[in-house]
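*Asks:* Fold the following and give me the result.
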Amino acid sequence: MSEETSIKIALKTGEVILGYKNSMKALRNNKAKMILTANNCPASLQDEINRLCKFGNITNRIVNKTSWDLGFICGRPHMVAVMAIVNPGDSDILSNQ
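*Replies:* Alright, predicted model coming up:
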């Protein structure tokens with residue numbers, strides 16, 4: 001299954017948190033199982049995400065999509081640079097590492 005399809009299925013059948021602030025909250029509260037970041041996510045945000053992911057032993061995957069592409073995949077009319085997978089639903093996104 002492609003990365004884009006996995007994200008769409010997770011959005012439809014699981015629980016996904018969009019945005020940096022809410023994703024960081026999910027990381028701090030041990031709710032996130034994986035973090036997805038756009039390939040053009042600012043370095044300062046990426047550094048903070050990497051630090052928290054290492055601390056919580058959570059995978060941080062940089063997807064080969066821009067933040068505009070991720071926003072489009074999520075059905076949003078704006079950029080999405082960071083997303084947290086809380087529950088993958090029927091998606092195989094957690095095993096697609």
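*Asks:* From now on I want contacts and neighbour counts done on CA atoms only, so please keep to that.
*Replies:* Fine.
*Asks:* Show me the contact partners of the helix ranked longest in the chain.
*Replies:* The longest helix of the chain (DSSP state H) is helix 43-56. Outside of helix 43-56, the residues within contact range by CA atoms under 8 Å, 6 or more residues apart in numbering are 20, 24, 27-28, 30, 37, 59-60.
*Asks:* Which one of these is nearest to Ser2?
*Replies:* Nearest to Ser2 among the contacts of helix 43-56, counting by CA to CA, is Thr37 at 16.3 Å.
*Asks:* gap between that closest one and Thr59?
*Replies:* Separation of Thr37 from Thr59 (CA to CA, to the nearest Å): 11 Å.
*Asks:* for Ser67, same thing?
*Replies:* Distance from Ser67 to Thr59, counting by CA to CA: 19 Å.
*Asks:* more crowded one of these two?
*Replies:* Applying other CA atoms under 10 Å to Ser67 and Thr59 shows that Ser67 carries more neighbours, namely 20 against 16.
*Asks:* pretty sure that one contacts Tyr20?
*Replies:* No. Assessed by CA atoms under 8 Å, Ser67 is found out of contact with Tyr20, at 11.5 Å.
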